[in-house]
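**Q** structure for this input, please:
(2 chains)
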Amino acid sequence: MTPALVEIKDLQVYFPIMRGMVIDRVVGHVKAVDGVTLSVPRGRTYGLVGESGCGKTTLGRALLRLVEPTGGTITFDGTDLTSLDVAGMRNMRRRMQMIFQDPLSSLDPRQNVESILTEGLSAHRIGADRAARRDIVCETLDAVGLPRWALSRYPHEFSGGQRQRIGIARALVLSPDLIVADEPVSALDVSIQAQVLNLLARLQADRELTYLVIAHDLAVVRHISDVVGVMYLGALVEQASSLDLYRRPLHPYTKALMSAVPVPDPVVEERRERILLSGDLPSPANPPSGCRFRTRCPWARERCASDRPELRTIEGASGDHTVACHFAEEIEAA
Amino acid sequence: MLLEVEDLAVTFRDDREVRAVDGVSFAVDAREVVGLVGESGCGKSVTSLALIGLLANQNTRRVRVEGRASFDGLDLLRADARTLRDIRGREIAMIFQDPLSSLNPVVPIGVQVAEVLIRHRGASKPEAMRRAAELLERVGIPDPTRRLKEYAHQLSGGMQQRALIAMAVACRPRLLIADEPTTALDVTIQAQILELLKELVREDGTAMIMITHDLGVVAGLCDSVNVLYAGRVVESAGRHSLFGRPVHPYTVGLLRSIPRLDEDRGARLTPIRGSVRDVLPWAQGCAFAPRCDRAIEECLAGPPPLAGVAHTYRCVNPEALP
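**A** Residues are numbered from 1 along each chain as shown, chains lettered A, B, ... in the order given. From the prediction side, this is the model:
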């Protein structure tokens, strides 16, 4: 196993719920991320998958301290990020960059591409002079497959796929070690999705990048990730290598998620067994006691309401395959 | 045939003319589920809106709709507004992508469902409300009598879509048009809604047009599939034939560029190069030619003619023969 670039231990991010007319008081917390432990191996891709409201985006933002964690530690290449001051964190962010879902709203419409790509370089004082910076920018443009004439253009002049390439170039230009990609392809048409997914794979191979990819699309996550973590209501319910997770999903939620993903093949669709979940995601402000999935779980029992299951290995599964379910063995045998 | 669309064309005129739909033909049999698939800008939504007369400025100088759309003998494109109003909601119902913007935010859900029955079935208000509760129950909304009094924002996305479906099936329409009904929803909720739609159309014997960008949804749901590109149907076939032996390079390209859950990591995707924007507006010939690896000189000569029987396609140099 390669050493981890990122180690997250028992991370919590709580958002206060405020009430009151004149004086606000805190009446509760939305536990967006509630005790997540994971590590991202260097040069690999960790895929975080889950439905809306599961806390995956908050986790990605907390990793860069774009939201402040309430508790837990984040270690990046040996440094505890939670102990850094503002200036220290700013320096560190050169090495950890982010790609966002909607390239149009994450690019300033009044900045041309050159200005967008140079801004980070100037902020981190990279490149001796303008000419040197321009060289770095041009080299990055080549890497993401955009033409040189793009430099003087503005974001609205590009198609969705090209805009996402600009977003990737902006992250890449600082030569980061880690890229957090939050739904990097979900706003794109399928024929364009494939272009961007291939680009991300090629850049990783060329530059030894480490990715944390956050997405709701299990097929996309499985396609690009080495390790996949499945999140539900603020916590990981299962973690495994991409292959193990598909071959042998252990958590009832993972099984349901897999069975819900449509496959573009009528033969597969006809023989598939669907596990339909009843109801909606409970509110993270008032999560169920014990196992958070129990309100929608077809196998829920009494113990699920009292004990919160921790991630654990189970017999017969590979060592890095962990699941947070009391009855994973029984469910698998059934 | 319940619905027969022939050579439907929609042209928007602003500073310049944009032909968003360019000669689309397809048919829907009673009880059949027909898919219209394509990426953004292919004209799939415009097609459905034009059919039921819901395009903004339809039949004015700025929007020109041509062709024929015969619904049980009546040409929808030439029907007057009053006839269309009677048909919409009763004979043909529609479900849109974003449920929150389709629901009235200041009217309780129950009243919105009951309205359909009052308008089309002449039901009295108490009778309509009672039926509305039954409908909400039928689409799987728990505690329907309480939900009747609630407003759209009090329901989750999945529940909002269920409420819209309740409205759509209230009069047991003969045709249901679903425009990306699950795109805004999470995948486990999507599975619930697709299952519900499948059940409803089977029980009521309703025909359905499923408009989507997701080939996976089509594979599991539709009897026959029409693949749209740049306003034209480029390939049309039964679903087993289409997925089993795709013919048009665009269809093949789409299938190769989708990551599949049942495929191992590392399998490289083969994307389609360029984007739709590179080719719009095209002058003549096949609109896909500029992005196509199989393009030959003939492709630019004129629009490719319709070829094939049962499994039809518009391509002069297809990947395979059906």
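**Q** how close does the closest residue to chain B within the stretch 151-300 of chain A get to A:A324?
**A** Closest contact between the stretch 151-300 of chain A and chain B, by C-beta to the nearest C-beta, is at A:P262 (2.9 Å). C-beta coordinates here come from the backbone N, C-alpha and C atoms, glycine included. For A:P262, the distance to A:A324 equals 27 Å [C-beta to C-beta, to the nearest Å].
**Q** mind listing what A:A194 touches?
**A** Taking C-beta atoms under 8 Å, 6 or more residues apart in numbering or on different chains, we find A:A194 in contact with B:R256, B:S257, B:I258, B:P259, B:L269, B:T270, B:P271, B:I272.
**Q** helix or strand: which one has the closest residue to the fourth one other than its chain neighbours?
**A** This means B:P259. Excluding its sequence neighbours, the residue lying closest to B:P259 (C-beta to C-beta, 6 or more residues apart in numbering or on different chains) is A:H223, at 3.6 Å. Element membership for A:H223, per DSSP states H and E: helix A:218-224.
**Q** who touches that helix?
**A** When contacts are defined by C-beta under 8 Å, 6+ apart, helix A:218-224 is touched by residues A:45, A:47-49, A:185-186, A:193, A:197, A:200-201, A:211, A:213, A:215, A:228, A:242, A:245-246, A:257-258, A:261, B:187, B:258-261, B:263, B:265, B:267, B:269.
**Q** now do stretch B:61-75
**A** With C-beta under 8 Å, 6+ apart as the criterion, stretch B:61-75 contacts B:1-14, B:23-24, B:50-51, B:55-59, B:76-77, B:83, B:87, B:91-92, B:174-175.
**Q** in ChimeraX, how would I select the buried members of those residues?
**A** Here is the ChimeraX command that selects only those of the contacts of stretch B:61-75 that count as buried (16 or more other C-beta atoms under 10 Å in any protein chain shown):
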select /B:2,3,4,5,8,9,10,11,12,23,24,50,51,55,58,76,77,87,91,92,174,175
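**Q** buried among the contacts of helix A:218-224? Make that a PyMOL selection.
**A** For the buried members of these, the matching PyMOL selection, counting by 16+ other C-beta under 10 Å, is:
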select buried, (chain A and resi 45+47+48+49+185+193+197+200+201+211+213+215+228+242+245+246+257+258+261) or (chain B and resi 187+258+259+260+261+265+269)
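**Q** keep only those of the contacts of helix A:218-224 that are in helices.
**A** The members of the contacts of helix A:218-224 that map onto helices under DSSP state H are A:Q193, A:L197, A:L200, A:A201, A:S242, A:L245, A:Y246, A:L257, A:M258, B:V187.
**Q** for the second one, give me its contacts.
**A** With contacts taken as C-beta under 8 Å, 6+ apart, A:L197 has the following neighbours: A:V185, A:V220, A:H223, A:I224, B:P259, B:L269.
**Q** please redo it, this time with the cut-off set to 6 Å
**A** B:L269 (C-beta atoms under 6 Å, 6 or more residues apart in numbering or on different chains).
**Q** still on that earlier bit, turn the contacts of A:A194 into a markdown table, including distance to B:R138.
**A** A markdown table is the format used below for the contacts of A:A194 (distance: C-beta to C-beta, whole Å):
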| residue | distance to B:R138 |
| --- | --- |
| B:R256 | 40 |
| B:S257 | 38 |
| B:I258 | 34 |
| B:P259 | 36 |
| B:L269 | 41 |
| B:T270 | 44 |
| B:P271 | 43 |
| B:I272 | 42 |
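**Q** got the residues of chain A near chain B?
**A** Residues of chain A lying close to chain B (C-beta under 6 Å from any C-beta of the partner chain) are A:51-52, A:159, A:161, A:189-192, A:194-195, A:197-198, A:218-220, A:223, A:242, A:256, A:260-266, A:269, A:276-277, A:280.
**Q** what's the weakest-modelled helix or strand in the chain?
**A** Picked chain A for this. Comparing helices and strands within chain A by mean pLDDT, DSSP states H and E singles out helix A:103-106 as the least confident, with a mean of 83.
**Q** my bad, chain B
**A** Bottom-ranked secondary element of chain B by mean pLDDT, DSSP H and E: helix B:99-102, a mean of 88.
**Q** so which bits of that one are buried?
**A** Buried residues in helix B:99-102, defined by neighbour count with 16+ other C-beta under 10 Å: B:P99, B:S102.
**Q** residues near the residue nearest to B:P259, how many?
**A** Summarising burial for A:H223: neighbours were counted as other C-beta atoms under 10 Å in any protein chain shown, giving 28.
**Q** per-residue pLDDT, it?
**A** At A:H223, the pLDDT value in this model is 91.
**Q** before we move on, back to that, which one among the ones in helices among the contacts of helix A:218-224 gets closest to A:C297?
**A** Closest to A:C297 out of the ones in helices among the contacts of helix A:218-224 is A:L257 (12.6 Å), distances taken as C-beta to C-beta.
**Q** okay, which residue is most central for the chain?
**A** With no chain named, the answer covers chain A. Using C-alpha atoms, centre = their mean, the residue of chain A that lies closest to the mean C-alpha position is A:I214, 2.3 Å off.
**Q** wrong one, chain B
**A** Central residue of chain B (C-alpha atoms, centre = their mean): B:I211, at 2.3 Å.
**Q** ok, now how distant is B:L136 from A:D10?
**A** Distance of B:L136 to A:D10, given as C-beta to C-beta: 43 Å.
**Q** with neighbour numbers in mind, choose between those two.
**A** Just comparing B:L136 and A:D10: by other C-beta under 10 Å the higher neighbour count belongs to B:L136, 26 against 12.
**Q** host element of the more buried one?
**A** For B:L136, the enclosing helix or strand under DSSP H and E is helix B:125-138.
**Q** what sits up against that helix?
**A** B:G110, B:V113, B:A114, B:L117, B:I118, B:P144, B:T145, B:R147, B:L148, B:A166, B:A170.
**Q** state the mean pLDDT of it.
**A** The average pLDDT within helix B:125-138 is 94.
**Q** so which bits of that helix are buried?
**A** Taking 16+ other C-beta under 10 Å as the neighbour-count basis, helix B:125-138 is seen to contain the buried residues B:A128, B:M129, B:R130, B:R131, B:A132, B:A133, B:L135, B:L136, B:R138.
**Q** now that helix: how far from the chain's centre is it?
**A** The offset between the C-alpha centroid of helix B:125-138 and the centroid of the whole chain comes to 27 Å, using C-alpha atoms, centre = their mean, to the nearest Å.
**Q** same question for stretch B:190-199.
**A** Averaged C-alpha coordinates place stretch B:190-199 at 16 Å from its chain's average position (C-alpha atoms, centre = their mean).
**Q** and stretch B:232-242, what's buried?
**A** If you call a residue buried by 16+ other C-beta under 10 Å, then stretch B:232-242 has these buried ones: B:R232, B:V233, B:V234, B:E235, B:S236, B:A237, B:R239, B:H240, B:S241, B:L242.
**Q** one more: stretch A:34-51?
**A** Within stretch A:34-51, the residues scored as buried using 16+ other C-beta under 10 Å are A:34-41, A:43-51.
**Q** among those, which ones are in strands?
**A** Where the buried residues of stretch A:34-51 overlap with strands, as defined by DSSP state E, the overlap consists of A:34-41, A:45-49.
**Q** tell me if I'm right that the residue nearest to the centre of chain A and A:L59 touch.
**A** No: taking contacts as C-beta atoms under 6 Å, A:I214 lies outside contact range of A:L59: 7.6 Å.
**Q** and B:I177, that's in a strand?
**A** Yes: residue state for B:I177 (DSSP: H, G, I helix; E, B strand; the rest coil) corresponds to a strand.
**Q** so which residues of the stretch 101-250 of chain A form strands?
**A** Secondary structure of the stretch 101-250 of chain A, counting by DSSP state E, counting those that start in this stretch: strands at A:178-182, A:210-215, A:227-232, A:235-241.
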